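>>> Sequence and computational prediction follow.
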Amino acid sequence: MKYLFYPGCSMDASALEYKAATLAVLQDLGAEVVELEDWTCCGASVAAVMSDLLGLVLPARNLALAEQACQEGETCDMLVGCSACYANFRHTILAAENPATLGKINQALEVEGLIYRGKMQTRHLLDVLANDFGPEEIAARVKRPLTDLVVAPYYGCQTVRPFAPYDDGQHPHSMEALLEALGATVYNHSHEASCCGTALLTTKPDVGVSMVGEILDAASPADCLAAVCPMCHLNLDSYQDKVSKSLGRTIKQPVFFLPQLIGLAFGLPDSALLLKRHLVSVQPVLDKLGLKPVPGRLVTA
Amino acid sequence: MATLINLTAVKRDADFADRLLSTGESVRSCIQCGTCTASCPAAFAMDISPRKMWRMVQLGLEDEVLHSKTMWLCSVCYQCQVRCPRGIPLTETIAKLKQLAREEKIQEWRESTGFYQAFSDVMRRYGRMREIEFMARYFLTTNPLSALGFANMGLMMMLRGKAKPEMPELGGEGRLDRLFERVAELEGRK
């Protein structure tokens, strides 16, 4: 299997650490990953509000590029780490099963010199880690188990809703066996598949902070959270000051991207995991694991 | 507190529900069970609850629905859609309501409509998001003073290398201009 990697806007900017850790972990697992060339924005939750067709054409442009990049005789999936991108691609793939819709999409893509044939499938990173590799293969690569670390999984919404065929949209579980394979203890909580508030943190800050607060509050007995979407991560990591004010108690909860935790357990260096980019320091977790970060590398203290 | 609407005294559009869904399934089949409201993480902040809004759509109360805050509090989490016992694609229908409110140039919720416009403009110009320019455009076109509430976080993000200022490129053709224009042409908007 060849993975044509679509990073999307966030993983190439604010969530660069998610991209770095994803590529490093997949390389360690021996996966063949190639970044898609000339990709453009999937349209986020914005394009469909501008127009129906734009909401299909922006994802389809990238699916067409992925089809083009897949050589004859190869089996390819388009790999996505951002859940909003993933939901947009899934939505477009399903809508394009209607020949009239596919025809309309291609009338638009003509100006880009592209054709979408409706053949490319998209996969979320969580799906690939849980199902193409799986807990056993991941456990076999663990060099420094995350023993005693209590991790609260956080899936968010579009990772599993409404188009994900690999997990339950309301009671997802894909992360559990993976975290256990790393030696960590899973802390289940009531808000694993709740929404992080996405753009409400900007447009309606009070409402957004309240939504993030509920999640952080539910997960607070754990040592840290594990996220699989750059938008979720941004909201959970960056607004903890405001959440603390609104809850009336201090919340300082490290939020990891799942591949960063996998990378820690695989013994990958800090240059691959970029742990110092988060707004809430992950140091308490490293201390608990007895790891001391040194420039470029993480070594056991 | 319940608000009473005198249905004989207000303007109603009998086809409102049908205009929202091009795919055939209709909000008309909503049985008012309230699962959507019970599932919505932002319902507590809405002026009209989701259940009530769908009833108003059935009744053709277009003005009241398009001027409400409800759709702008939807964060597209799909919880109501996956739980709807009638299988109505509710979340996708809300995108359609947002489209209509934008077309009608409804001004009340500029902090939301301005967000979509600024995001779309940056996407069209560069083909990819540029977070700092997007936020600058957003605050300048909505409420510049509210940017102060984000100053601290923005600074922290720059210090951690999470946000990187780039010079705006204002002249010349935007990366996705042709595609945006083609889509508008195909939808008969130009």
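Ah, there it is.

>>> quick one: the strands in the stretch 101-250 of chain A?
Along the stretch 101-250 of chain A, the stretches classed as strands by DSSP state E, counting those that start in this stretch are A:122-124, A:150-154, A:185-186, A:224-227.

>>> list the helices and strands the second one packs on?
Spelled out, that is strand A:150-154. In this structure, strand A:150-154 packs against helix A:174-181, strand A:185-186, helix A:205-219, strand A:224-227, with contacts taken as 3 or more C-beta pairs under 8 Å, 6 or more residues apart in numbering or on different chains; DSSP states H and E. All C-beta atoms are positioned from the backbone trio N, CA, C, and that covers glycine.

>>> what are the pairing partners of it, and which direction each?
strand A:185-186 (parallel), strand A:224-227 (parallel) (DSSP bridges).

>>> so how far is it off the chain centroid?
15 Å (C-alpha atoms, centre = their mean, to the nearest Å).

>>> what's it in contact with?
Defining contact as C-beta atoms under 8 Å, 6 or more residues apart in numbering or on different chains, one finds that strand A:150-154 is touched by A:172, A:175-176, A:179, A:184-189, A:191-192, A:215, A:218-219, A:221-228, A:232, A:236, A:255-256, A:261.

>>> just the shortest one next, same as before
Taking contacts as C-beta under 8 Å, 6+ apart, the residues outside strand A:185-186 that touch it are A:148-153, A:175-176, A:179-180.

>>> domains for chain B, by residue range?
Structurally, chain B divides into domains by automatic domain parsing as follows: B:16-103, B:110-186.

>>> Packed most tightly, which of those domains would that be?
Counting by mean count of other C-beta atoms under 10 Å in any protein chain shown, domain B:16-103 has the highest mean neighbour count of the domains of chain B, with a mean of 19.

>>> picking that back up, which of the strands paired with strand A:150-154 is buried the deepest?
Most buried among the strands paired with strand A:150-154, counting by mean count of other C-beta under 10 Å: strand A:224-227, with a mean of 26.

>>> Strands of chain B, residue ranges please.
For chain B, strands defined by DSSP state E do not occur.

>>> How about the residue in it that sits furthest from its center?
B:Leu159 (31.9 Å; C-alpha atoms, centre = their mean).

>>> Can you tell me how far that residue is from chain A?
9 Å (C-beta to the nearest C-beta, to the nearest Å).

>>> Report the rounded mean pLDDT for stretch A:271-283.
Stretch A:271-283 carries an average pLDDT of 94.

>>> Quick check: buried residues in that stretch?
A:272-275, A:277-280, A:282 (16 or more other C-beta atoms under 10 Å in any protein chain shown).

>>> Can you lay out these as a markdown table showing secondary structure?
Converted to a markdown table, the buried residues of stretch A:271-283 look like this (DSSP: H, G, I helix; E, B strand; the rest coil):
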| residue | secondary structure |
| --- | --- |
| A:Ala272 | helix |
| A:Leu273 | helix |
| A:Leu274 | coil |
| A:Leu275 | helix |
| A:Arg277 | helix |
| A:His278 | coil |
| A:Leu279 | coil |
| A:Val280 | coil |
| A:Val282 | coil |
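
>>> contacts with chain B among the residues you listed, please.
A:277-279 (C-beta under 8 Å from any C-beta of the partner chain).

>>> ok so, going back, which stretch among the strands paired with strand A:150-154 comes nearest A:Val57?
strand A:224-227 (29.2 Å; C-beta to C-beta).

>>> what is the mean pLDDT for the closest one?
Per-residue scores along strand A:224-227 average to 98.

>>> Residues contacting that strand, please?
Under C-beta under 8 Å, 6+ apart, the answer for strand A:224-227 is A:149-154, A:156, A:175, A:179, A:216, A:219, A:233, A:236, A:253-258, A:261, A:282, A:285.

>>> Show me which positions of stretch A:256-269 end up buried.
A:256-268.

>>> Can I get those residues in CSV including secondary structure and pLDDT?
Below are the buried residues of stretch A:256-269 laid out as CSV (DSSP: H, G, I helix; E, B strand; the rest coil; pLDDT from 0 to 100):
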residue, secondary structure, pLDDT
A:Phe256, strand, 98
A:Phe257, strand, 98
A:Leu258, helix, 98
A:Pro259, helix, 98
A:Gln260, helix, 98
A:Leu261, helix, 98
A:Ile262, helix, 98
A:Gly263, helix, 96
A:Leu264, helix, 95
A:Ala265, helix, 96
A:Phe266, helix, 96
A:Gly267, coil, 93
A:Leu268, coil, 94
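
>>> can you tell me which helix in chain A is longest?
Counting residues, the longest helix found in chain A (DSSP state H) is helix A:52-69.

>>> Show me what it packs onto, helices and strands only.
Counting by 3+ C-beta pairs under 8 Å, 6+ apart, helix A:52-69 packs on strand A:2-6, helix A:47-50, strand A:76-80, helix A:83-95, helix A:99-109, helix B:90-103, helix B:177-186.

>>> how does it look with 6 Å?
Secondary-structure packing of helix A:52-69 (3 or more C-beta pairs under 6 Å, 6 or more residues apart in numbering or on different chains; DSSP states H and E): strand A:2-6, helix A:47-50, helix A:83-95, helix A:99-109, helix B:177-186.

>>> pull the CA atoms of the longest one into CSV?
Just to be clear, that refers to helix A:83-95. Extracted in CSV, the C-alpha atoms of helix A:83-95 (Å, rounded to 0.1, in the frame of the first residue of the first chain):
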residue,chain,number,x,y,z
SER,A,83,-10.5,15.4,10.6
ALA,A,84,-12.2,18.3,8.8
CYS,A,85,-10.2,17.5,5.6
TYR,A,86,-11.1,13.8,6.1
ALA,A,87,-14.9,14.5,6.4
ASN,A,88,-14.8,16.8,3.3
PHE,A,89,-13.0,14.2,1.2
ARG,A,90,-15.4,11.4,2.4
HIS,A,91,-18.4,13.6,1.7
THR,A,92,-17.1,14.4,-1.8
ILE,A,93,-16.3,10.7,-2.6
LEU,A,94,-19.8,9.7,-1.6
ALA,A,95,-21.5,12.6,-3.5
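
>>> Around chain A, which positions in chain B sit nearby?
B:41-42, B:45, B:75-78, B:81-82, B:95, B:98-99, B:111-112, B:115-116, B:119-120, B:123, B:127-129, B:131, B:153, B:156, B:160, B:162, B:178-179, B:182-183, B:186-187 (C-beta under 6 Å from any C-beta of the partner chain).

>>> How far does the lengthiest helix in chain B sit from its chain's centre?
Identified as the longest helix of chain B according to DSSP H is helix B:110-126. For helix B:110-126, the separation from the chain centroid amounts to 11 Å (computed by C-alpha atoms, centre = their mean).

>>> Give me the contact list for that helix.
A:41, A:46, A:49-50, A:203, B:72, B:102, B:130, B:133-134, B:137-138, B:141-142, B:174-176, B:180 (C-beta atoms under 6 Å, 6 or more residues apart in numbering or on different chains).

>>> could you give the angle of that helix to helix A:205-219?
Put simply, helix B:110-126 runs at 90 degrees to helix A:205-219, going by axes from the mean of the first three to the mean of the last three C-alpha atoms, to 10 degrees.

>>> Report the angle between helix B:110-126 and helix A:52-69.
Using the same axes, to 10 degrees: helix B:110-126 against helix A:52-69 is 40 degrees.
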